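Engineer: return atomic coordinates for the entry below.
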Amino acid sequence: MYSTRLPFFIKTLPRSSHVCAYVRALSRLGGAGQFLGSSGRIVPDPDLSAAAMKGLEAMAAARRKLQIATWNIAAINNNPFEYWITYNEEPAYEKIMTEIEIFLESPGEKDVPVSAVFTEAMFDQLEKRMDGVGWDNVRSYWDEDFKNRKIVSGFMKLLSRTMCFSCITFGKDPLLGSKRLASMPDRITNTINVVNSDEPVCRPTVINMYSGDLSTLDIWWSAWEKFMFDTPLTIENKGETKTDPVYKMLQPIKKAKYPDITEAEEKVSLPLQTMCGAIFDAILVHMMNTVSQPDVWQSLKKTMVENLNKQKVPHTLDILENVYGTSDIITLQEVSASLINQARRRELGQKFWIVAPSDLDAVRDQNSVIFLSKSTFPAGPSAEITHLVEGSFEQGVDVPIAKGDILAITATDRDNIPFIIASFHGDTNGLATKPVLSAIITAMTSDPALITHKLIFGLDANTYEKAKPGKQQDVLEWGKHYVSFRLTSCWGDVPNPSNYTTFNSRTYLQPQLNKACKKSDKRSNGDVNPKDFILFGKGDFKVDRTWKDNTGEKKYIEDMAFPTLKFPSDHGVLATIIEPVVTH
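Structural biologist: The predicted model follows:
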């Protein structure tokens, strides 16, 4: 039975009627019948095949081509400092980031005790606050351990989740990172979306969009304490609206989930993570004010937040509207509900049918979306077949996809050519990419109407030039896979492994320092890979020209880390112009 998102009138029918009703619906869109070959395999409806070919011939006769773009626009990152960016207009940026790298890699005399940064007076006040809300006392952890740690070697460098054997030698806790004592409170309180506000509320720290003054530790501490204990916020969680101070949002750290935490630490995990979170933020503020004048780095951060975070959606829509507004098809990945709504209100909404998944993910807020030119597809999308695709995975195989990652639709263009158009965001390691394409092909070949459709598939395949065997998707193996289905790509049958569409590297201003890249290693240790593709039938279309873009100007600058203040994503735009292949 089909597992598909059906039109409303079909969903009102008894479930046993869904398949027949869906075929009848396809019939009204262009005809469908049950055609079986001698082998029992479904073969194309001959009338639909003839109509599709006639459409391709008309397209060729008119010398009409299809312009297609695909772009993983990337979810908004709340930390403007997390990734190296290219910021040539402001030399202070690279100087500050390099100094932070040196501070953490070779601190020397700067590796002072925690109590020199998060002071005894600050802990005393924190202790009163935590006692006041009824939490267990953690002074023994402070006096006997944390206040004597060095801020770099005894704290910041231990936040990665990897084992640090030198820490064991010197009696430190090598598992500080895997216990999540600093990263857990950061994840929960870094940026909080509140009810009835377009602006989130940010914890006073360096690594988010907080706009308050952090020029001294005393100013920081006053703001941090007030935020954590005196700021009631109204949030929505699982459909329920609650108003609580921030400290009540923290979650206990359970040994069952994080086995490296001890049973004693588990019992006091709320006050212990609050103390570690305060130490973490204090060190960040101290580092920034040590390597740079506060007015310099705070001004820099303000500009970065405005361009990389607050203006990300408008910048993205500007590029789509002004540079790629003549496209026939645009497939996007990691799209927020806000961007979809804003696009529909702009000129883009006049030019394009903006198609979002019927089962939109509003929580993770990262969805695959398709824009169809209204002049090319005057009737708009015909049907969504995402659930048909998701129901076509090989049984028993666990495919790592999340809600919103796949969108697949049918549509008929002005030459009466039927299309299946899909947009997909692959998992980090690209392991879902091959199974998703296989499922699309299975879905297409399961019906004599769908099998006549012409596939256009834009995706972030998350493929790698030098993949870790069994753990990441190799780009050449991916090429062999799509060719096996008689498909080709805008890069041809054999993709060039060094034809990159990403270049991003983590800095030292983020919690997982094991993933940080030195300035000199941005290229060699960063995510520089050939990840983005546009696929289509090799017998249907051929490439006229293809380009990639990491500037918003139809140009790609190799060896440039991005995003930049002008280009808002860590993936380049990929665009191609294809023309029909018609043989007589």
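
Engineer: show me where the stretch 351-500 of the chain has strands.
Structural biologist: Counting by DSSP state E, counting those that start in this stretch, residue ranges of the strands within the stretch 351-500 of the chain are 352-355, 367-373, 381-384, 406-412, 418-425, 454-460, 463-464, 473-474, 487-489.

Engineer: would you turn those strands into JSON lines with mean neighbour count and mean pLDDT?
Structural biologist: C-beta coordinates here come from the backbone N, C-alpha and C atoms, glycine included. Listed next are the strands of the stretch 351-500 of the chain as JSON lines, based on neighbours: other CB atoms under 10 Å; pLDDT from 0 to 100:
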{"stretch": "strand 352-355", "mean neighbour count": "22", "mean pLDDT": "98"}
{"stretch": "strand 367-373", "mean neighbour count": "25", "mean pLDDT": "98"}
{"stretch": "strand 381-384", "mean neighbour count": "20", "mean pLDDT": "98"}
{"stretch": "strand 406-412", "mean neighbour count": "24", "mean pLDDT": "98"}
{"stretch": "strand 418-425", "mean neighbour count": "26", "mean pLDDT": "98"}
{"stretch": "strand 454-460", "mean neighbour count": "25", "mean pLDDT": "98"}
{"stretch": "strand 463-464", "mean neighbour count": "26", "mean pLDDT": "98"}
{"stretch": "strand 473-474", "mean neighbour count": "20", "mean pLDDT": "98"}
{"stretch": "strand 487-489", "mean neighbour count": "23", "mean pLDDT": "98"}
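
Engineer: which among those strands is found nearest to residue 71?
Structural biologist: strand 454-460 (8.3 Å; CB to CB).

Engineer: list the contacts for residue 79?
Structural biologist: Listed by CB atoms under 8 Å, 6 or more residues apart in numbering, the contact set of residue 79 reads 190, 207, 208, 509, 510.

Engineer: any idea how far the nearest residue to residue 311 once chain neighbours are set aside is from residue 343?
Structural biologist: Once its chain neighbours are removed from consideration, residue 311 has its nearest residue in residue 568; the separation is 7.8 Å (CB to CB, 6 or more residues apart in numbering). As defined by CB to CB, to the nearest Å, residue 568 lies at a distance of 14 Å from residue 343.

Engineer: and if you look at residue 332?
Structural biologist: Distance, residue 332 to residue 343, by CB to CB: 9 Å.

Engineer: who has more neighbours out of those two?
Structural biologist: The residue with more neighbours, out of residue 332 and residue 343, is residue 332; 28 against 23, by other CB atoms under 10 Å.

Engineer: check what pLDDT the more buried one gets.
Structural biologist: We note a pLDDT of 98 for residue 332 in this prediction.

Engineer: got it, and the one 10 residues further on?
Structural biologist: In the prediction, the pLDDT value recorded for residue 342 is 95.

Engineer: repeat that for residue 114.
Structural biologist: The predicted local distance difference test score for residue 114 is 98.

Engineer: run a quick neighbour tally on it.
Structural biologist: A count of neighbours around residue 114, defined by other CB under 10 Å, yields 21.

Engineer: going forward, count from 29.
Structural biologist: Sure, I'll start counting at 29 from here, so that last one is residue 142.

Engineer: burial measure for the closest residue to residue 70 other than its chain neighbours, as a count.
Structural biologist: Take residue 70 and drop its neighbours on the chain: the residue closest to it by CB to CB, 6+ apart is residue 476, 5.4 Å away. The burial metric for residue 476, expressed as a neighbour count using other CB under 10 Å, is 23.

Engineer: quick one: common contacting residues for residue 360 and residue 371?
Structural biologist: The overlap between the contact sets of residue 360 and residue 371 (CB under 8 Å, 6+ apart) consists of residue 399.

Engineer: measure stretch 451-467 end to end?
Structural biologist: End-to-end span of stretch 451-467 (CA to CA, to the nearest Å): 13 Å.

Engineer: for that stretch, buried residues please.
Structural biologist: Residues of stretch 451-467 classed as buried by neighbour count (16 or more other CB atoms under 10 Å): 451-455, 457-467.

Engineer: pLDDT weak spots in this protein?
Structural biologist: 29-68, 188-202, 266, 612 (pLDDT under 70).

Engineer: for this protein, longest helix please?
Structural biologist: The helix that spans the most residues within the chain, counting by DSSP state H, is helix 297-319.

Engineer: tell me how far that one lies from the chain's centre.
Structural biologist: For helix 297-319, the distance between its averaged C-alpha position and the chain's averaged C-alpha position is 27 Å (CA atoms, centre = their mean, to the nearest Å).

Engineer: now do stretch 126-146
Structural biologist: Between the mean C-alpha position of stretch 126-146 and that of its chain there is a distance of 32 Å (CA atoms, centre = their mean).

Engineer: what does stretch 418-435 give?
Structural biologist: 18 Å.

Engineer: go on, stretch 258-268?
Structural biologist: 25 Å.
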